[in-house]
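Engineer: build me a model:
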Amino acid sequence: MKFFLFILALGGLLCAGCPHHAIDDTPTIERVYAEEVLPVKRVVMFQNGVAYIERRGKFLGDELVMRVRPSQIQDILKSVTVVDFSGGRANSLAMPVDVSSQRALAELPKLELGHGSLGAILRALRGAEVHLVTDDGTFQGRMVGIDDIGTAEKGQQISILDESGTVRIIPVDEVEALKIMDTTLANGLVKGLDISLGQEAWRSVELKVFLNKDANPNRDLLVSYLVEMPTWKSSYRLVLEKQNEPLLQGWAVIDNVSGADWKDVKLTLTTGSPVSFHYNLYTPRFVARPDLTPYHTLGIAPPVAESTLAAAPPPPPKRDYSRLYKEGEKKKRGGFGGRSRRARPASKTAALGDGAAFDVEEYAPEEPEMGMDALYDSMRVQAKTQKVGSLYRFDLEDPMTVPNRSSTMIALINTRIPGKAIYSYNPQSGVPAAVKHPFRAVAISNQAGSVLEPGPMAIIRNGQYVGEGLIQRIEKGQDSYISYALDTAVNVTASTSSGHEVAGLVKISRGVIQTKSFSIYRHNYEVQASKEDGEAIPLMVSIPKRSGWEVQAEGGKKESETAASLYYSMPVKPGEKTKLEIKEKYPTFNSYRILDHGAQQALMLYIQAKDSDQKIIAQLKPLVDKVRKLSDTNAKIRTLERKRSDLQQRASEIRSNLKLLKKSRNVKLKKEQQARLMQVDRKLSKLTDQLVSLRDNAAQYKVELSTLVEKLEIKF
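Structural biologist: From the prediction side, this is the model:
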């Protein structure tokens with residue numbers, strides 16, 4: 001039993017039950033198939049996994065049939081457009097309903113197909129009218145059941161109720177054929193087997209487009225839609241030659257798996273990834289309704305949260321046939337691809353008029369080399385580049401032919417761009433030797449006129465293949481560094497260190513001094529290249545880009561930056577050592593009272609700096625004088641405290657000696673020790689008096705400093 005889904009929004013709204021679709025006495029024109037009368041005329045390939053297909057052609061008829069794969073239907077239903085340029089319109093589009101296998105099986109008679117045994121199917125036919133053919137004849141009746149009689153010799157037996165009411169017992173092993181007399185059951189068995197096989201996944205589906213019959217049956221129809229398609233891939237070649245700008249050549253590799261041949265189609269390739277997603281409009285959507293039968297109390301389910309889908313991809317750009325290559329460019333350049341055949345070797349001999357021959361090896365022309373000019377002239381770009389919003393598109397000038405299930409290469413880029421050979425130091429590349437040695441690389445600026453999509457890039461230098469790199473997406477005008485080979489003739493020693501630096505004063509306000517200091521992080525590089533194998537080209541290093549950090553370089557210069565990295569270059573001199581230091585500074589701010597040591601240190605640093613403002617220094621002079629006096633006084637206090645500590649230690653030692661000599665008869669020694677102790681005590685007393693005086697002075701200076709700083713309001 002076949003069901004059809006009708007979509008009634010393709011040019012006119014017409015329901016299946018309207019009089020227009022009633023029995024029509026006009027002659028019916030046979031259906032036509034799209035692959036026969038509507039060839040593919042235009043293809044736009046995107047980078048988001050879909051392609052825009054246009055079919056156009058003329059035919060006679062009112063019904064168009066398109067055979068498509070089931071996997072293509074969802075995208076087609078989202079995007080299909082039908083236009084009849086002869087004045088007609090599309091009334092509806094019909095296709096078989098895609099009922100899920102589980103639901104389809106549930107709607108069929110319960111035939112237990114998953115078990116796969118004859119006994120299981122026979123049990124499912126209990127009550128059905130069947131016709132059996134056995135060795136003893138034919139029997140017809142209703143299936144009563146199938147029983148296991150318990151012995152291996154006889155196995156199972158079937159019970160049949162015939163018209164006379166007799167139950168006949170027939171061994172299963174004697175049954176040669178069984179016919180299901182109920183047509184519904186028989187069709188259900190066939191359909192169930194189809195579903196179990198999963199044939200709907202590989203059998204083509206027929207989409208029928210019904211056109212209005214009151215129009216001219218001579219149709220000029222255009223049908224467009226989106227289908228899933230592999231993304232087109234990029235491949236590049238970069239040619240380096242002496243001091244010339246590098247030559248960049250690029251190709252696109254496209255795969256046609258659309259199910260139709262592309263013959264003389266207009267092909268467009270689009271960069272970027274417009275929004276695209278799966279949305280099932282093919283499978284019927286059944287609403288899960290609550291069962292209100294009062295078996296139990298039914299709770300209310302919470303509402304489903306709403307979400308907003310992203311916008312659908314924009315329609316393909318309009319065709320523009322006005323952009324053609326200059327004839328001069330066409331005549332100048334050769335055929336596709338740049339992979340030209342090698343010149344044939346010169347002949348060793350030349351024939352004379354009388355049949356003799358002479359050796360002309362010395363006159364044979366030299367075989368041409370694969371230089372930059374030869375590669376440039378051997379390739380003709382097959383597409384024109386145009387920017388559409390934030391995307392770029394490549395419109396092929398000449399029609400392309402790509403058979404179904406085949407691939408082809410298309411030349412997109414053939415231009416010189418700014419660039420140079422460099423070394424690139426990348427110890428995080430995953431190559432163990434890259435910790436000590438840099439890569440050979442090329443620094444380029446994308447001036448090719450469009451974005452460069454990700455892909456491999458072969459590097460040719462001075463006519464020789466030297467390696468290959470892999471690029472990520474490079475925006476128009478963006479710089480990039482492409483590594484292609486490790487160079488062990490150059491050694492790099494890298495190290496890092498960190499520290500702290502006081503920068504100076506920020507402001508003085510209400511007795512508080514605010515200072516600025518820096519956290520320092522240094523990257524040091526030392527490079528030595530072999531005198532014989534090294535090359536005098538820049539070496540590029542990168543450091544992480546950190547927000548808020550100031551960066552200074554000594555021994556090199558900044559070349560470029562990205563959102564995540566900063567790139568610096570340093571010279572490489574074969575046979576010599578070169579150094580680069582990159583210093584990162586992160587500012588921090590601290591607030592001190594004038595009596596804190598940090599504040600006093602910051603004031604003295606500002607006074608001693610050569611670039612300090614003299615007017616501010618004059619304002620700070622009374623404060624600085626007090627700071628100096630306080631600093632000198634504190635220094636004297638620290639010195640005297642060290643001396644007093646030494647004397648106290650000495651006095652303690654003398655007292656210990658006197659304690660030991662208490663019972664001694666050596667009076668002279670006792671007197672000497674007592675004299676020494678008295679001398680030390682006198683010095684301690686004097687030092688104590690000096691310390692008291694100095695501490696009084698220091699306290700006075702602190703009060704005066706506090707008074708002075710309270711009156712100052714200075715911004716530096």
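Engineer: where does the chain dip in pLDDT?
Structural biologist: Residues of the chain meeting the criterion pLDDT under 70: 1-30, 97-118, 150-154, 191-192, 194-203, 291-369.
Engineer: mind giving me the domain ranges of it?
Structural biologist: 4-100+202-228, 129-181, 231-283+329-339+369-487, 489-593, 597-715 (automatic domain parsing).
Engineer: shouldn't V227 be in contact with I76?
Structural biologist: Yes - the criterion here is Cβ atoms under 8 Å, and V227 meets it with I76 at 6.7 Å. Bear in mind the C-beta positions are built from the backbone N, C-alpha and C, glycine included.
Engineer: any common contacting residues for the two?
Structural biologist: Counting by Cβ atoms under 8 Å, 6 or more residues apart in numbering, the residues touching both V227 and I76 are V68.
Engineer: list the pairing partners of the longest strand anywhere in the chain within its sheet, with orientation.
Structural biologist: Looking across the chain with DSSP state E, the single longest strand is strand 490-509. Within its sheet, strand 490-509 is paired with strand 512-529 (antiparallel), strand 713-715 (antiparallel), according to DSSP bridges.
Engineer: before we move on, back to that, turn the domains of the chain into TSV, columns for mean neighbour count.
Structural biologist: TSV is the format used below for these (neighbours: other Cβ atoms under 10 Å):
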stretch	mean neighbour count
domain 4-100+202-228	17
domain 129-181	13
domain 231-283+329-339+369-487	17
domain 489-593	16
domain 597-715	14
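Engineer: wait, which of those domains is closest to I121?
Structural biologist: Closest approach to I121 among the domains of the chain is made by domain 129-181 (8.9 Å; Cβ to Cβ).
Engineer: end to end on that closest one, go ahead and measure it.
Structural biologist: 5 Å (Cα to Cα, to the nearest Å).
Engineer: picking up where we left off before, could the strands paired with strand 490-509 go into TSV alongside distance to L647?
Structural biologist: Formatted as TSV, the strands paired with strand 490-509 follow (distance: least, Cβ to Cβ, whole Å):
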stretch	distance to L647
strand 512-529	37
strand 713-715	44
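Engineer: just the residues contacting stretch 591-599, thanks.
Structural biologist: Looking at what lies outside stretch 591-599 - Cβ under 8 Å, 6+ apart - the contacts are 511-515, 590, 600, 602, 623, 627, 702, 705-706, 709.
Engineer: run the last query once more with 7 Å
Structural biologist: 511-515, 590, 702, 705-706, 709 (Cβ atoms under 7 Å, 6 or more residues apart in numbering).
Engineer: is the nearest residue to P70 once chain neighbours are set aside in a bridge, and if so with what?
Structural biologist: Spatial nearest neighbour of P70, excluding adjacent residues (Cβ to Cβ, 6 or more residues apart in numbering): V205 at 5.5 Å. Bridge pairing for V205 (DSSP bridges) gives the partners V68.
Engineer: who's in contact with V205?
Structural biologist: Counted by Cβ under 7 Å, 6+ apart, V205 has contacts 68, 70, 73, 95-96.
Engineer: quick check: R644 vs A651, distance?
Structural biologist: According to Cβ to Cβ, to the nearest Å, R644 stands 10 Å off from A651.
Engineer: anything in contact with each of those two?
Structural biologist: Contacts common to R644 and A651, judged by Cβ under 7 Å, 6+ apart, are L684.
Engineer: now K626: closest residue in space, sequence neighbours ignored.
Structural biologist: In space, K626 is closest to L705, 4.8 Å off (Cβ to Cβ, 6+ apart).
Engineer: ok so that neighbour is a strand residue?
Structural biologist: No - L705 is assigned helix when assessed by DSSP: H, G, I helix; E, B strand; the rest coil, not a strand.
Engineer: so it touches R628, yeah?
Structural biologist: No - taking contacts as Cβ atoms under 7 Å, L705 lies outside contact range of R628: 10.8 Å.
Engineer: what comes into contact with the helix or strand harbouring G469?
Structural biologist: Per DSSP states H and E, G469 falls inside strand 464-471. For strand 464-471, contacts defined as Cβ under 7 Å, 6+ apart pick out 440, 452, 454-459, 480, 482-485.
Engineer: go on, stretch 264-273?
Structural biologist: 40-48, 232, 252, 319, 383, 390-396, 399-401, 450-451, 453.
Engineer: so which of those residues sit within strands?
Structural biologist: Per DSSP E, the subset of the contacts of stretch 264-273 in strands is 40-45, 252, 383, 391-396, 400-401.
Engineer: and of the residues you listed, the nearest to K583?
Structural biologist: Y392 (40.4 Å).
Engineer: tell me how far the spatially closest residue to K715 that is not a sequence neighbour lies from A602.
Structural biologist: Closest residue to K715 apart from its sequence neighbours, by Cβ to Cβ, 6+ apart: K507 at 4.6 Å. Note on K507: its distance to A602, by Cβ to Cβ, is 11 Å.
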